[in-house]
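Chemist: Got a predicted structure here, sequence first:
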Amino acid sequence: MDDGNPRKPVRPTTNRARDIFNTYIRHESGKQIPISSAEETSENVLENTAATEETGVKPTEQQVQNDELINEIEKLREEVKQLQSRVEQLEKEKAELYEQILRKAAEFENFRRRSQKEKEELIKYGNEKLLFEFLSLLDDLSNAVNSAKSNADFNALASGVELILNKAKKLFEQAGVTEIESPVGKPFNVDFHEALMTMPSELPEGYVVQELQKGYKFYDKVLRHTKVITSSGQTGGDGEQKYV
């Protein structure tokens with residue numbers, strides 16, 4: 001009977017179930033959907049469908065929508081399984097990569113220590129072969145001293161020492177050490193010479209008058225500069241030597 005009060009239209013049950021499910025999905029966005037919850041929802045929908053059939057209501061749009069909802073839940077459950085499987089795979093790959101990084105770090109540390117040790121040994125024992133060659137000079141000098149004590153022949157001693165000197169020069173040359181050419185009578189060169197004093201001479205000012213100590217090069221690098229006396233020009237004034 002119409003009591004004169006307007007009634008609100010009845011909202012279909014299927015739309016209400018879908019709205020509730022969609023609201024749940026929005027609130028749970030970004031979270032994993034438990035498989036058990038999906039199964040329970042699916043079972044509830046099936047129970048509602050069975051109850052509808054028992055009442056004698058013919059399958060209508062409600063049943064169709066229930067079936068669609070079940071399919072969507074099944075799809076979501078499958079997607080959850082796939083995502084869980086993917087997460088497990090990524091976790092496994094992460095663990096493997098971490099193990100590789102640890103191994104590489106350990107290998108690099110061992111390599112660094114080994115390289116440092118080899119470098120130290122190279123610096124420490126790098127001249128071993130050269131020093132071994134120079135031991136023969138000590139033997140020759142020792143023999144020369146013993147010979148000088150037992151033999152008063154000065155010329156023989158001088159010849160022996162000269163032989164030792166030539167041998168030493170040869171060993172130095174083999175090691176890359178050579179004499180700097182004598183600069184006497186040539187212009188002073190700061191790259192190879194070191195002036196200790198000046199003195200008046202017939203040579204032009206700035207020329208080398210005398211060599212005081214030989215200089216040597218190690219391949220292309222100056223090992224020791226030649227110590228020299230340079231000319232201050234023609235003799236004049238008191239003619240004294242001046243240290244520089």
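Modeler: Thanks, I have it. Residues are numbered from 1 along each chain as shown.

Chemist: Show me the shaky parts of the protein.
Modeler: Residues of the chain meeting the criterion pLDDT under 70: 1-59, 235-244.

Chemist: which residues in it form strands?
Modeler: 177-179, 193-199, 208-213, 216-218, 221-224, 226-231, 242-243 (DSSP state E).

Chemist: Could I get the buried residue list for the first one?
Modeler: Residues of strand 177-179 classed as buried: V177 (neighbour count, 16 or more other CB atoms under 10 Å). C-beta: built from backbone N, CA, C; applies to glycine.

Chemist: contacting residues around it?
Modeler: Contacting residues not belonging to strand 177-179 are listed as K169, F172, K214, G215, Y216, K217, F218, L223 [CB atoms under 8 Å, 6 or more residues apart in numbering].

Chemist: try 10 Å
Modeler: Strand 177-179 is contacted by residues 130, 169, 171-173, 214-219, 223-224, 226 when judged by CB atoms under 10 Å, 6 or more residues apart in numbering.

Chemist: Ranking by neighbours, what's the top pick from those?
Modeler: The most neighbours of any of the contacts of strand 177-179, using other CB atoms under 10 Å, belong to T226, which has 23 neighbours.

Chemist: bridging residues for that one?
Modeler: Applying DSSP bridges to T226 yields these beta-bridge partners: H193.

Chemist: so what's it up against?
Modeler: If you count contacts by CB under 10 Å, 6+ apart, T226 has them with 179-184, 189, 192-195, 208, 211-216.

Chemist: out of those, which are buried?
Modeler: Members of these classed as buried by 16+ other CB under 10 Å are I180, P183, H193, E194, A195, V208, E211, G215.

Chemist: The spatially closest residue to the fourth one that is not a sequence neighbour: neighbour count?
Modeler: In other words, E194. With CB to CB, 6 or more residues apart in numbering as the criterion, E194 has its nearest non-adjacent residue at 4.1 Å, and that residue is H225. A total of 17 residues lie near H225 under the criterion other CB under 10 Å.

Chemist: cool, P200 as well?
Modeler: The local packing of P200 (other CB under 10 Å) involves 19 other residues.

Chemist: Do me a favour and get the end-to-end distance for stretch 204-213?
Modeler: End-to-end distance for stretch 204-213: 22 Å, by CA to CA, to the nearest Å.

Chemist: That's all I had, so thanks and see you.
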